[in-house]
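Participant: coordinates for the following, if possible.
(one chain, ligands or ions: 1)
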Amino acid sequence: DPHGRHESESLLSPQETEKQLYGLAGPTVELPDRTFVDLFQERARGCPDAIAVEHGTVRWTYRELERRVNRIAHALVEAGVGTEDVVAVVMDRTPEWIAAALGVFTAGGVYLPVRPDFPVERVVAQLERSACAVALTDPGSEALVRASSARLAAPLTALSVTRVLARGGHAEPPRVQVTPGQAAYIYFTSGSTGTPKGALCEHAGFLNHLYAKIEDTGMTAGGGDVATQIASQCFDISLWQFAAPLLIGGSVRIVDTRTQLDVAAFVEEIVEGRVTVMQVVPSYLEVLLTHLEQHPRPLGALRSVSVTGEALTYELVQRWFAAYPDVQLVNAYGATETSDDPMHEVLHGVPERDFVSVGRALRNVNTYVLDENLALVPLGTPGEIAFSGVCVGRGYINDEERTREAFVPDPFRPGSRMYRTGDFGRWLPEDRLEFLGRRDAQVKIRGFRIEIGEIENKLLTMEGVREAAVVTEGDTSEQRVLVAFFSGSEKVTPEGVRDFLGTVLPDYMVPTHVHRVDRLPLTENGKIDKKALGRPAAETA
Ligand code: ADP
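Facilitator: Down below sits the predicted model:
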């Protein structure tokens, strides 16, 4: 082709190319030359007495939150944190944790959330990879931070948030310039080679997503919205759950993990807390809905439920609207690398066709469906989903190789970058995108993104293990569990494997079942034949 185009691209008529590149792109909406930091400060001054954060019986007004944010920001600046320096926030989900995250943004730093129950090894790997030198702690994480620090080449500066807040002082934020192009946060996601990848996103993409969430969930300034903060702090969706309501003067209600495990208590909290906006993963929506079908009750002020992280099934949508016809569902689709969700499908009822799409591109987002040569495939043809526009993050921190693989130049918009999701999808006649699954071995277990390869690689590092394979069992997302198979020394027991994995991986990555086999089945070309892995009558745990 003299124009250097790919063959499949030339299959498209100019009209179809035009439609895919511009018609299916999100609307262009100019973003202010500002960031979450000054917009939050402005909001806090505008409604100082409104409730900003609720947790159990604790209530903080905007004034109370802002003061704490400013104190933490000053402490970070005093500790030497400068523009784009990474600050680990190793804290449980409490109001102080939200103040700490906002404090990092306000100091111009990069927020790196770390769960206090993570294994030391994983924490060390994340801190090392992100060249993190400062950590904010709570009483429950001090020991972990100390142990991690001892294993780093240069020890961490650990600041106790409790102590910083007890010191008082500093009503004003530090004089730090935070710009839209600046890095805002890092979330580590599972990595297939055995090491997690730290996805780094910028303020502009962060803010763009917050505006879209506010709009699509119908939150309004002065509207008395109460949004739940439910997700784990190491999951990027936890970020908008507190940041979006704080931009419009709404209130964030932190719902403890313990409450989530007790569905009746969870429902009580939603109703009693006058929650208007909530977000859950599909597997939790299923658990919640099953409970509500058995114990029907109105859900108070609830108006919008966002669902994300895994495919939302048509059956679940049908059941939801049968029970709650007035509560909208937002199916949000995206990846951590693309500033959370670049696509939304807003549902006010059961879709006519019997599946659920992931909707349309958000503002300032371009969605492409591509072949292996990164050429557009015809409308309706399956291909890999890719994104460009303001949502595209900067890449994986200090990992050029893996960044280069996933973040490539946008072939259609010179000068822009594009993120390849590894997801398959296709455009529907309704100009909406259908999600068709993964290209690789990445899976979701109750919303947590897991690379099977990472677990296998970890298992292979265990002394005495010769071969390892991990698969998932269970059809629906709430039944889905990880199952590991291994062969090797007689001394290695399935229990031993689970214990070992528990010391190197987060709990949600430790296989529920472990089977010991003499040898793993192989395919004709010598690869492990995962389809042939049954449940052998071998030693199991
Ligand atoms: P998120 O925070 O949006 O869940 P992750 O980075 O944890 O992002 O996981 C991204 C992957 O999760 C996507 O590439 C896709 O495979 C899957 N995913 C996310 N949202 C949806 C959805 N609404 N429907 C189907 N799959 C989804």
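
Participant: tell me the mean pLDDT for the strand or helix carrying residue 200?
Facilitator: Using DSSP states H and E, the element containing residue 200 is strand 197-202. If you average the pLDDT over strand 197-202, you get 97.

Participant: residues of that strand that come out buried?
Facilitator: Residues of strand 197-202 classed as buried under the neighbour-count rule (16 or more other CB atoms under 10 Å) are 197, 198, 199, 200, 201, 202. The way it works is simple: take the backbone N, C-alpha and C, and place the C-beta from them, glycine included.

Participant: kindly report the same for stretch 498-516.
Facilitator: Going by 16+ other CB under 10 Å, stretch 498-516 has these buried residues: 498, 500, 501, 504, 505, 506, 509, 510, 511, 514, 515, 516.

Participant: now, among the buried residues of strand 197-202, which is nearest to the ligand?
Facilitator: residue 199 (7.4 Å; CB to the nearest ligand atom).

Participant: assess the claim that the closest one and residue 396 are in contact.
Facilitator: Yes - with contacts counted by CB atoms under 8 Å, residue 199 reaches residue 396, the gap being 6.2 Å.

Participant: narrow the buried residues of stretch 498-516 to those in helices?
Facilitator: 498, 500, 501, 504 (DSSP state H).

Participant: any chance of JSON lines for those, columns pLDDT?
Facilitator: Shown next, in JSON lines, are these (pLDDT from 0 to 100):
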{"residue": "498", "pLDDT": "96"}
{"residue": "500", "pLDDT": "95"}
{"residue": "501", "pLDDT": "95"}
{"residue": "504", "pLDDT": "91"}
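
Participant: how about CSV for these, with distance to residue 366 added?
Facilitator: Shown next, in CSV, are these (distance: CB to CB, whole Å):
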residue, distance to residue 366
498, 44
500, 44
501, 40
504, 39
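
Participant: ok, which pair from these is furthest apart?
Facilitator: Of all pairs drawn from these, the greatest distance, 11.5 Å, lies between 498 and 504 (CB to CB).

Participant: which strand runs longest in the chain?
Facilitator: strand 417-427 (DSSP state E).

Participant: tell me the angle of it relative to strand 197-202?
Facilitator: Strand 417-427 runs at 100 degrees relative to strand 197-202, counting by axes from the mean of the first three to the mean of the last three CA atoms, to 10 degrees.

Participant: just checking, what packs against strand 417-427?
Facilitator: strand 328-335, strand 365-370, strand 383-389, helix 400-406, strand 407-409, strand 433-438 (3 or more CB pairs under 8 Å, 6 or more residues apart in numbering; DSSP states H and E).

Participant: go with 10 Å
Facilitator: Judged by 3 or more CB pairs under 10 Å, 6 or more residues apart in numbering; DSSP states H and E, strand 417-427 is in contact with strand 328-335, strand 340-347, strand 365-370, strand 383-389, helix 400-406, strand 407-409, strand 433-438, strand 442-445.

Participant: ok, which of the ones you listed comes nearest residue 377?
Facilitator: Among the helices and strands packed on strand 417-427, strand 383-389 comes nearest to residue 377, with 4.0 Å by CB to CB.

Participant: quick revisit: same list (the ones in helices among the buried residues of stretch 498-516) but as a markdown table, adding distance to the ligand.
Facilitator: Formatted as a markdown table, these follow (distance: CB to the nearest ligand atom, whole Å):
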| residue | distance to the ligand |
| --- | --- |
| 498 | 24 |
| 500 | 25 |
| 501 | 21 |
| 504 | 20 |
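
Participant: get me the contact residues on the stretch 201-350 of the chain for the ligand.
Facilitator: 236-237, 308-312, 331-336, 340-341 (CB under 6 Å from any ligand atom).

Participant: and residue 314, how far is that from the ligand?
Facilitator: 12 Å (CB to the nearest ligand atom, to the nearest Å).

Participant: show me what contacts that residue?
Facilitator: The contact partners of residue 314, taken as CB atoms under 10 Å, 6 or more residues apart in numbering, are 350, 351, 353, 354, 355, 356.

Participant: nearest to residue 458, of those?
Facilitator: residue 356 (34.1 Å).

Participant: circling back to that earlier point, where do the contact lists of residue 199 and residue 396 overlap?
Facilitator: 186, 188, 189, 337, 403, 406, 407.

Participant: so who does the residue nearest to the spatial centre of the chain touch?
Facilitator: A centroid search over the chain (CA atoms, centre = their mean) returns residue 236, at 3.0 Å, as the residue closest to the centre. By CB under 10 Å, 6+ apart, the contact list for residue 236 reads 113, 185-187, 189, 199, 201, 206, 209, 308-309, 334-341, 393, 449.

Participant: isn't residue 218 right next to residue 302, touching?
Facilitator: No - using CB atoms under 10 Å, residue 218 makes no contact with residue 302, being 11.7 Å away.

Participant: ok, those two, which is more surrounded?
Facilitator: residue 302 (22 against 15; other CB atoms under 10 Å).

Participant: got a list of what that one touches?
Facilitator: With CB under 10 Å, 6+ apart, residue 302 has these contacts: 226, 228, 267, 270-271, 273-278, 324, 326-328.

Participant: same thing but 7 Å
Facilitator: 270, 275, 276, 278, 327 (CB atoms under 7 Å, 6 or more residues apart in numbering).

Participant: quick check, the last one in contact with residue 305.
Facilitator: Yes - with the criterion set as CB atoms under 7 Å, residue 327 and residue 305 qualify as a contacting pair; they are 6.0 Å apart.

Participant: looking at the two, which one has more neighbours?
Facilitator: Legend: neighbour count by other CB under 10 Å for residue 327 and residue 305, higher for residue 305 (23 against 17).

Participant: following the helix or strand hosting that one, which helix or strand shows up next?
Facilitator: Element membership for residue 305, per DSSP H and E: strand 304-308. Per DSSP H and E, the first helix or strand lying C-terminal to strand 304-308 is helix 314-323.

Participant: for this structure, longest helix please?
Facilitator: helix 62-78.

Participant: give me the residues contacting that helix.
Facilitator: So helix 62-78 is contacted by 41, 43-44, 47-50, 52-53, 87, 99-100, 102-104, 106-107, 109, 134, 159, 161, 164-165, 169-174, 176 (CB under 7 Å, 6+ apart).
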